[in-house]
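In: Pasted the sequence and its predicted model underneath.
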Amino acid sequence: VAWVIAPPLAFMIKNRFGFSHAFAMAIISALIMVGIVFFLPEYRAQTTTQEQQQSRLKWQRSRSIFFYLLACLFMFSASYMYNTTIPLYITRELLLSSQWAGYLMGTAAFLEIPFMILAGIYGSRLGYKRLLYVGLFSGLVFYAGFLMSSNIVILIALQLFNGIFIAIISTLGMVLIQDMMKHEMGTATTLFNSAQMLSALVGSLLVGVTAQFFSYYAVFVVAIVLVVLAMLSLLMMRDAESRKVDPLPVPSSTAEAAMTTI
């Protein structure tokens, strides 16, 4: 919902009043956020049982998790490249008002909401990896469409595929790695968020290099390459159901106690 409202509002404020007013609205929003967080209740972290500790998966040695995080890096880098590029592409390549960038981003965010709900409903039924492939294929169609057309009406229509792409990788991306690391939800969430933050860095660098030596138009070519690499990374990972859990060693005192009980 924030992505539906904020981009069009930001570009409208920028066009009518300038950047200073847009940044002022961002400051006000941040202060409201701080106030809300201040009054949130505290929750204690849940302690893991000894059985959960013994069945933890050592993610550093897991081929599936490694290639999945690599896939996350590629697909989110492509998404960040688009979000960074689209205002400049609209104004410098298509020579349109920057407000259209807000409309494109807001339309995509509006379409993401129902697809996020559908992904959550059908993810466990159809399989998380299968739906991720659907999302990545939608990303390919979306970026290819930007290469083939500069008509603003068609670009708005293509936001349907962008909505499917973002909705699936954002919703099921977190769910899949948590499914692979059932007893380490905190670690799974941290790894996923870290992959996203790294992808923001990689995506921003790629936009700068590509636009500097080629054009903003060429950014979509790089995005297509990244989505293809994400698909290949998913192919390289083994299914979460077929993985082997690497048990942690049981402390000697616990083993002796168990023997005594037997």
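Out: Looks like it arrived, so ask away. Numbering: from 1, shown residues only.

In: Quick check: phi and psi on the residue nearest in space to the middle of the chain?
Out: Per C-alpha atoms, centre = their mean, the C-alpha nearest to the average position across the chain is that of residue 170, at 4.3 Å. Backbone torsions for residue 170, taken as degrees, to the nearest 10, come to phi -80, psi -40.

In: Wait, it touches residue 116, no?
Out: Yes: using C-beta atoms under 8 Å, residue 170 makes contact with residue 116 at a distance of 7.1 Å. In short, each C-beta sits where N, CA and C put it, glycine included.

In: what does the helix or strand hosting residue 131 contact?
Out: According to DSSP states H and E, residue 131 maps onto helix 128-148. Contacts to helix 128-148, defined as C-beta atoms under 8 Å, 6 or more residues apart in numbering, come from residues 71, 75, 78-79, 82, 119, 122-123, 154-155, 158-159, 161-162, 164-165, 167-169, 172-173, 175-176, 179, 217, 220-221, 223-224, 227-228, 230-231, 234, 239.

In: The residue nearest to the centre of the chain: what's it in contact with?
Out: 112, 116.

In: and the gap between it and residue 80?
Out: Separation of residue 170 from residue 80 (C-beta to C-beta, to the nearest Å) stands at 12 Å.

In: What ranges does the stretch 151-262 of the chain have for its strands?
Out: Using DSSP state E, counting those that start in this stretch, no strands are found in the stretch 151-262 of the chain.

In: So, low pLDDT: which residues of it?
Out: Applying pLDDT under 70 to the stretch 151-262 of the chain flags the ranges 238-262.

In: One more pass at 80, please.
Out: 180-186, 237-262 (pLDDT under 80).

In: What sits closest to residue 203 if chain neighbours are left out?
Out: Excluding the flanking residues, the one nearest residue 203 by C-beta to C-beta, 6 or more residues apart in numbering is residue 80, at 3.2 Å.
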